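Chemist: Sharing a model that was predicted from the sequence below.
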Amino acid sequence: MDNTHSKLIGYLLWLFGFTGAHRFYYGKPITGTIWFFTLGLCGIGWLIDLFLIPSMDREADSRFYAGKLDYSVSWLLLTFVGFLGIHRMYMGKWFTGVLYLLTMGFFLIGVLYDFWTLNSKISRINARRFL
């Protein structure tokens with residue numbers, strides 16, 4: 001089992017947990033979206049997640065492939081400057097990265113889409129090393 005995700009980054013994103021950022025990071029887009037729209041289940045779920053991050057980290061490490069792209073770098077770029085498309089450029093998707101730059105991440109809808117799909121995209125790119 002490779003260490004694909006970082007507990008340190010998980011806890012950093014947990015600070016913004018009322019947005020669901022840490023849940024998206026660990027590959028839980030449905031509950032991430034619920035946290036986003038309910039402010040971390042009115043803060044209660046956010047506090048509980050403080051204790052659940054180690055298990056979420058282990059689960060993510062077993063689900064996703066490690067490789068040339070670093071999940072933590074990608075997620076920090078997406079979370080803090082996703083509307084600029086830098087995370088897409090980091091993944092080698094220069095065309096859509098520039099489009100994000102010119103359209104504020106496709107008017108932030110593309111950024112939300114990337115919150116849902118970033119882990120699987122990186123995992124697919126990293127899995128190519130096994131082919």
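Modeler: Received it, and whenever you're ready, just let me know what you need.

Chemist: ok, and for stretch 116-126, which residues are buried?
Modeler: For stretch 116-126, burial by neighbour count (16 or more other Cβ atoms under 10 Å) applies to 118, 119, 121, 122, 123, 125, 126. To be clear about C-beta, it is placed using only N, CA and C from the backbone, and glycine gets the same treatment.

Chemist: now the residue positioned nearest the centre of the chain: how far from residue 71?
Modeler: Closest residue to the average C-alpha location of the chain: residue 25 at 3.4 Å, with Cα atoms, centre = their mean. Distance, residue 25 to residue 71, by Cβ to Cβ, to the nearest Å: 8 Å.

Chemist: which residues are in contact with both of the two?
Modeler: Common contacts of residue 25 and residue 71 (Cβ atoms under 8 Å, 6 or more residues apart in numbering): 5, 60, 119.

Chemist: sec struct for the first one, please.
Modeler: Classification of residue 5 by DSSP: H, G, I helix; E, B strand; the rest coil places it in coil.

Chemist: OK, contacts around it?
Modeler: 25, 26, 57, 60, 61, 64, 71, 72.

Chemist: where's the nearest residue to it once chain neighbours are set aside, which helix or strand?
Modeler: In space, and not counting its chain neighbours, residue 5 is closest to residue 60: 4.3 Å by Cβ to Cβ, 6 or more residues apart in numbering. Following DSSP states H and E, one finds residue 60 within helix 44-63.

Chemist: List every C-alpha atom in the helix or strand that comes right after that helix, with coordinates, as CSV.
Modeler: As assigned by DSSP H and E, the chain's next helix or strand after helix 44-63 is helix 71-81. Output of helix 71-81 as CSV, limited to C-alpha atoms (Å, rounded to 0.1, in the frame of the first residue of the first chain):
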residue,chain,number,x,y,z
TYR,A,71,-2.2,14.0,-4.7
SER,A,72,-1.4,16.6,-2.1
VAL,A,73,0.1,19.1,-4.5
SER,A,74,-2.8,18.7,-6.8
TRP,A,75,-5.4,19.2,-4.0
LEU,A,76,-3.6,22.2,-2.6
LEU,A,77,-3.6,23.8,-6.0
LEU,A,78,-7.2,22.9,-6.6
THR,A,79,-8.4,24.0,-3.2
PHE,A,80,-6.7,27.4,-3.1
VAL,A,81,-6.2,28.5,-6.7
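
Chemist: Nothing else from me, thank you.
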